[in-house]
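Enquirer: sharing a model that was predicted from the sequence below.
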Amino acid sequence: MPDRRPTIDDVARGAGVSKATVSAVLNDKGTVGHATRDRVIAVINQLNYRPSNPGSRARPRHRCIGLVIKEIDNPYYMEIAAGIGAFCRRQGYSVLVGSSEGDPAAEREMIDLLCEQGADGLVITPVMNADTDLSHLFELKRRNYPFVLLEQIRGVRASLVDVENVDASRRAVEFLIEEGHTRIVHLAGPTYSMHSEERMDGVRRAFSHSSLTIGDEAIIPAGAHLEDGYRAGLAYFRDLAPADRPTGVTCYNDLVALGLCRALGELGISVPGDVSVVGFDDLAMIPYMGVALTTVHVPKVEMGERATEMLIRIIEARKAQPPERVTFDGNLVVRDSTRRL
């Protein structure tokens, strides 16, 4: 096959159908029989054919990728974006960024918009909960549109770059147990994040490997933002007698941990004198805070670079690429917000 992008003519010829039939399959028309549709899709995947982005035809061709994040005010995603931007500049790509703010409908709209704006592929931090409609991701798969996920979605076979949340969260709790803490709670993340589920799973595993027990009351709903940790901390600790307080808290992320520290300070509860606090992510600003957090380091820039390298390889490949999975370890960094009892 010549060194060029396959066209709709190539797909039609390979499948033994008309271009109109290929177009009907691409646009999910109900006018094509199942056997013919399957044959066309098989040829699309074999040739690694991708339809042109409809919004890009009238503009000069340039190379860019889209990044869909979940929280525009979360520095975690900005550090990932820094890795993506650095790799893109080296490869001659630009980056378009949009945020879903945890709303599945907004995620769908953002993906549609970035595709219309001519993005050659997408890096996606997906919104995921029990009610999430994944049809837009299956649509990307059907159209052979390149994308890489930064959180796992069960049932979606796609390339993935992620952090080993379960083991990292387990090790954070085990660290507190080794430091002598027996009353430990966890401030959980948002319901739209698989990372939140995985980190709660890690907490439970740490307890199951110890002589301690954990009940549902030890998992406290919080969220992903500073104010979520602050409000959850005030609500939980305000009316607890000192003898009933947990002495250790692990948090969904650093922002929640920082919000919790603010709440504890207002309540006259010392960190780490009264309560040890552990975050997750190791944001770049953490070592410069008033009480430097003990936290799980996530290599965010490296994750962004690896996801972009993976995506550009898929975009520029002349044949279909099998999904690839890369998982980074999260390592505990001990600082000033924890102490041994």
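Expert: On my side now, so go ahead.

Enquirer: tell me, how many residues neighbour Ala24?
Expert: By other Cβ atoms under 10 Å, 18 other residues sit near Ala24. Where C-beta positions appear, they are placed from N, C-alpha and C, glycine not excepted.

Enquirer: which is the next helix or strand following the helix or strand containing it?
Expert: In this structure, Ala24 sits in helix 19-26 according to DSSP states H and E. Downstream of helix 19-26, the next assigned helix or strand under DSSP H and E is helix 34-47.

Enquirer: the helix or strand just after that next one packs against which elements?
Expert: As assigned by DSSP H and E, the chain's next helix or strand after helix 34-47 is strand 64-69. Counting contacts by 3 or more Cβ pairs under 8 Å, 6 or more residues apart in numbering; DSSP states H and E, strand 64-69 is packed against helix 75-91, strand 94-99, helix 104-116, strand 122-124, helix 300-316.

Enquirer: send me strand 64-69 as CSV with only the CA atoms.
Expert: C-alpha atoms of strand 64-69 as CSV (Å, rounded to 0.1, in the frame of the first residue of the first chain):
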residue,chain,number,x,y,z
CYS,A,64,-3.1,19.4,17.1
ILE,A,65,-4.6,17.2,19.9
GLY,A,66,-7.4,17.9,22.3
LEU,A,67,-7.2,17.5,26.1
VAL,A,68,-10.4,16.9,28.0
ILE,A,69,-10.0,17.4,31.8
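
Enquirer: direction included, what does that strand pair against?
Expert: Note on strand 64-69: by DSSP bridges, its sheet partners are strand 94-99 (parallel), strand 122-124 (parallel).

Enquirer: what sits up against it?
Expert: 77, 80-81, 84, 88, 93-100, 107, 110-111, 114-115, 117-126, 308, 311-312, 315 (Cβ atoms under 8 Å, 6 or more residues apart in numbering).

Enquirer: let's see 6 Å
Expert: Outside of strand 64-69, the residues within contact range by Cβ atoms under 6 Å, 6 or more residues apart in numbering are 77, 84, 93-99, 110, 114, 119, 121-125.

Enquirer: buried subset of these as a ChimeraX selection?
Expert: With 16 or more other Cβ atoms under 10 Å as the criterion, this ChimeraX line picks the buried residues out of the contacts of strand 64-69:
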select :77,84,93,95,96,97,98,99,110,114,119,121,122,123,124,125
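
Enquirer: in stretch 169-178, what counts as buried?
Expert: 169-177.

Enquirer: mind saving the C-alpha coords of it as CSV?
Expert: C-alpha atoms of stretch 169-178 as CSV (Å, rounded to 0.1, in the frame of the first residue of the first chain):
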residue,chain,number,x,y,z
SER,A,169,-3.7,4.3,48.7
ARG,A,170,-3.1,1.1,50.6
ARG,A,171,0.5,2.0,51.3
ALA,A,172,-0.6,5.4,52.6
VAL,A,173,-2.9,3.9,55.2
GLU,A,174,-0.4,1.2,56.1
PHE,A,175,2.1,4.0,56.8
LEU,A,176,-0.3,5.5,59.3
ILE,A,177,-0.9,2.1,60.9
GLU,A,178,2.9,1.6,61.2
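
Enquirer: from the chain's centroid, how far away is it?
Expert: Put simply, stretch 169-178 sits 23 Å off its chain's centre (Cα atoms, centre = their mean, to the nearest Å).

Enquirer: ok, what's across the strand from Leu96?
Expert: Bridge pairing for Leu96 - DSSP bridges - gives Gly66.
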